[in-house]
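Engineer: the following block contains a protein sequence and its predicted model.
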Amino acid sequence: MRWPPPVRVALAPSLVASLLIASLACATCAVVATLPFDAWQIAVANAGIALWAVDRVRVVGLRQGPRAVRGLELRGDLTVLVVNGDGGACAGRVHRDSYVGARLSTIVWRPFGRWRVRTILILPDMLPAADFRRLRVLLRYGRSDVAQTDSASHA
């Protein structure tokens with residue numbers, strides 16, 4: 001079987017991801033403020049939520065820092081090579097738990113030699129439309145011969 005050419009993308013900062021994370025943090029802080037706790041406990045909880053939001057906006061929304069995913073290469077056999085913010089690269093296998101949609105895609109992958117899975121959020125404003133489409137097509141129709149058999153149309 002001949003694999004399609006790999007998809008190489010560089011992920012750009014995302015205004016949509018930053019706004020979604022900030023709005024989620026604000027809504028969570030509003031819910032925490034209604035809880036029947038002392039004021040100092042609510043302040044500590046809201047400070048923790050705000051710190052989480054700043055970290056996520058920096059890493060996921062702005063693609064800054066050593067933990068941020070700056071780029072990736074997805075191959076037809078569903079192996080992925082991820083380039084982090086510190087310049088290091090890590091290869092792994094894409095899991096079936098990945099989600100592919102028109103407005104949102106998530107890549108759930110496990111680095112080779114590790115037992116914990118990682119996720120990559122991909123929104124349309126993170127890369128050009130053609131690359132986003134190619135990535136979604138390869139994620140949806142890419143397959144592992146070991147994990148899957150021929151479809152009914154190939155029988």
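Structural biologist: Now that the structure is in, tell me what you want to look at.

Engineer: residue nearest the centroid of the protein?
Structural biologist: For the chain, the residue lying nearest the average C-alpha position, counting by C-alpha atoms, centre = their mean, turns out to be Ile120 (1.7 Å).

Engineer: ok so it is a strand residue?
Structural biologist: Yes. Assessed by DSSP: H, G, I helix; E, B strand; the rest coil, Ile120 belongs to a strand.

Engineer: so what's the residue nearest to it when sequence neighbours are not counted up against?
Structural biologist: For Ile120, ignoring the flanking residues on the chain, the nearest one in space by C-beta to C-beta, 6 or more residues apart in numbering is Ile107 at 4.3 Å. In short, each C-beta sits where N, CA and C put it, glycine included. Applying C-beta atoms under 8 Å, 6 or more residues apart in numbering, we find Ile107 in contact with 72, 74, 80, 94, 98, 119-120, 122, 139.

Engineer: secondary structure element holding Ile107?
Structural biologist: In the assignment (DSSP states H and E), Ile107 maps to strand 105-111.

Engineer: that strand: partners in the sheet, and parallel or antiparallel?
Structural biologist: Each strand paired with strand 105-111, and its direction, by DSSP bridges: strand 89-94 (antiparallel), strand 99-100 (antiparallel), strand 118-122 (antiparallel).

Engineer: as CSV, these with mean pLDDT would be great.
Structural biologist: Formatted as CSV, the entries for those read as follows, by pLDDT from 0 to 100:
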stretch, mean pLDDT
strand 89-94, 96
strand 99-100, 95
strand 118-122, 96
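
Engineer: ok, which of those comes nearest Leu35?
Structural biologist: For the strands paired with strand 105-111, distance to Leu35 was read as C-beta to C-beta. The smallest value, 28.7 Å, belongs to strand 118-122.

Engineer: buried ones in that closest one?
Structural biologist: Of the residues in strand 118-122, those buried under the neighbour-count criterion (16 or more other C-beta atoms under 10 Å) are 118, 120-122.
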